[in-house]
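Engineer: everything below, folded, please.
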Amino acid sequence: MNFPTLSRRLTLAIFASLSVTGMAAAKKPAGQKPAKDGPGELGKIPMDFWLAEGEQPVKIPPTLANVPYGTDKLQALDFWKAESDKPTPLVFFIHGGAWLANDKDKVAGLRKYLPAGISVVSINYRFLPQAFAAGVKPPVKWPLEDAARALQFVRSKAAEWNIDKTRIGASGGSAGACSSLWLAFHDDMAEPKSNDPVSRESTRLMCAGLVGAQTSLDPQQMKEWTPNIDYGHRAFGFNGDKSDKTSGFRTFLENRDKILPWIKEYSPYELVTADDPPVYIHYADAPAIGKSHPNATHSSNFGVKLQEKMKSVGVECQLMYIGAKPEYSDPVEFLIARLKATKL
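Structural biologist: Now for the predicted structure:
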C-alpha cells in the first residue's frame, strides 16, 4: 500500500504515544486529517487509532479496569476480553510519553483487535521522575521492568482471562515502542524456581507492531544516525539544566563510556539476537542517515538501523516509511495477521 492510500486510512485524532517533546511539536486540533502526500506532516505520527476516513475514535470500556499488578498506584492495567470459546491471542499495549507522562487509556487498535478475536491489555507504569527520586539507577529500569512484570502478571491470568499465553504481541508508540522492543529482544526474565507464581511466567513475545520507536539508547549511536537527536538522557538520570535544553544530552554523551553496562542492558539495539520475534514499525518520514531531522526523536533512521541489525541475524523487521513497501499497511494489520497465524 502506498502512502497516499495509507494517509486516507489514518487519522491524527490523538498523538497520545508521542514523547513529551514530540507532543509539543505535533499538537493539532482534534480530528484533523493527515496531508494527502503522506501520513501527516513530516514527523507527525498517527499514534492512536487506525480508522477509515471520516470515522471518529470511540472509547471502548475495558472488561476489567485498573487491575493492579504491583503495589504502586501506577502499576495497573486495563483488560479488554475478546469473545471466544477458546483462548485468544493478546495485544500487550504500552503507552508512550518519554516515560514521563500519559496513561493506559491511550490504547490503539481496539476496534480492530476485538472483532478479530484478539484480547487487549494496556498498562500504566512508574515514570522516570519517580525512579530518579527513589535513587533507582538507571531510572529507566522502573518503567521497563514494570512492563516485564505486567506481562508476567497477564500470563498468570491466562486461564481466568481466556488468553493463549503463547500468542502475545506487544504494541505501543515512541517510548512505549522502545519498551516493547526491550521486551521483544531481552532474554526471558522468568524465574522458574521462584516462590512467586507471577515471577515464574515468561516475558517473551510472539511479535511486536509499533509506531515511532526509538531503537537505541546509546547517545553516540543515536547522534551518528541523526545528528540533532536529543533523547534518552533522562532514562539514565542526566536531567540537565532547565535553562539549557541540550545540557542533558551533552552530559549523557560525555558520560557514555561510564554507563556502557547500562546501555548494553537497556538499549534494544544491543539485545538483538537470532531467536527474537518479528517486528513491524511505522514511521512518518523517509530515512536520511547522518542528517538532522525536524522530529529526530521519531526519525525512521531508528528503524533503518534496527532493520539492518535484525537482518544480520536473520530476524524479520518490517518498516513503513515514505518510500517503503512492507507486507502490511500498519502495525495493527501486522499484529492481527501474526497473532492469528495458523502456525506459531
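Engineer: I'd say K112 and F334 touch.
Structural biologist: No - at 11.4 Å, K112 does not count as touching F334 under the criterion of C-beta atoms under 8 Å. To be clear about C-beta, it is placed using only N, CA and C from the backbone, and glycine gets the same treatment.
Engineer: out of those two, which sits in the busier spot?
Structural biologist: Taking other C-beta atoms under 10 Å, K112 and F334 do not tie; F334 has more neighbours (26 against 18).
Engineer: and that one, helix, strand or coil?
Structural biologist: With DSSP: H, G, I helix; E, B strand; the rest coil as the basis, F334 sits in helix.
Engineer: mind saving the C-alpha coords of the longest strand seen in the chain as CSV?
Structural biologist: Criterion DSSP state E: the longest strand present in the chain is strand 163-173. Provided in CSV are the C-alpha atoms of strand 163-173 (Å, rounded to 0.1, in the frame of the first residue of the first chain):
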residue,chain,number,x,y,z
ILE,A,163,-5.7,-16.0,27.0
ASP,A,164,-3.4,-18.1,24.9
LYS,A,165,-0.1,-17.2,26.6
THR,A,166,1.9,-18.4,23.6
ARG,A,167,0.3,-15.7,21.3
ILE,A,168,1.1,-12.4,22.9
GLY,A,169,2.4,-9.4,20.8
ALA,A,170,3.5,-6.0,22.1
SER,A,171,2.4,-2.7,20.7
GLY,A,172,2.9,1.0,21.5
GLY,A,173,4.3,4.3,20.3
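Engineer: what packs against it?
Structural biologist: Secondary-structure packing of strand 163-173 (3 or more C-beta pairs under 8 Å, 6 or more residues apart in numbering; DSSP states H and E): strand 88-94, helix 141-156, helix 175-185, strand 207-211, helix 331-339.
Engineer: could I get the buried residue list for that strand?
Structural biologist: Using 16 or more other C-beta atoms under 10 Å as the test for burial, strand 163-173 gives 163-165, 167-173.
Engineer: and which of the residues you listed is nearest G96?
Structural biologist: Nearest to G96, judged by C-beta to C-beta, of the buried residues of strand 163-173 is G173 at 4.4 Å.
Engineer: so the closest one bridges to which residues?
Structural biologist: In this entry, G173 is beta-bridged to V211, by DSSP bridges.
Engineer: can you pull the pLDDT of it?
Structural biologist: pLDDT recorded at G173 is 93.
Engineer: that one is in contact with G209, isn't it?
Structural biologist: No - using C-beta under 8 Å, G173 is not in contact with G209; the gap is 10.6 Å.
Engineer: coming back round to it: relative to helix 141-156, how tilted is the longest strand of the chain?
Structural biologist: 150 degrees (axes from the mean of the first three to the mean of the last three C-alpha atoms, to 10 degrees).
Engineer: quick one, strand 163-173 and strand 207-211 angle?
Structural biologist: On the basis of the same axes, to 10 degrees, strand 163-173 is oriented at 20 degrees to strand 207-211.
Engineer: returning to that earlier point: out of the buried residues of strand 163-173, flag the one nearest to A324.
Structural biologist: For the buried residues of strand 163-173, the nearest to A324 is G173 (17.9 Å; C-beta to C-beta).
Engineer: now the strands for the stretch 1-150 of the chain?
Structural biologist: 64-68, 76-80, 88-94, 119-123 (DSSP state E, counting those that start in this stretch).
Engineer: which stretch among the ones you listed comes nearest P268?
Structural biologist: Among these, strand 88-94 comes nearest to P268, with 12.8 Å by C-beta to C-beta.
Engineer: show residues contacting that closest one.
Structural biologist: 81-82, 104, 107-109, 113, 117-123, 125, 147, 150-151, 154, 162-164, 167-172, 176-177, 179-180, 205-206, 335, 339-340 (C-beta atoms under 8 Å, 6 or more residues apart in numbering).
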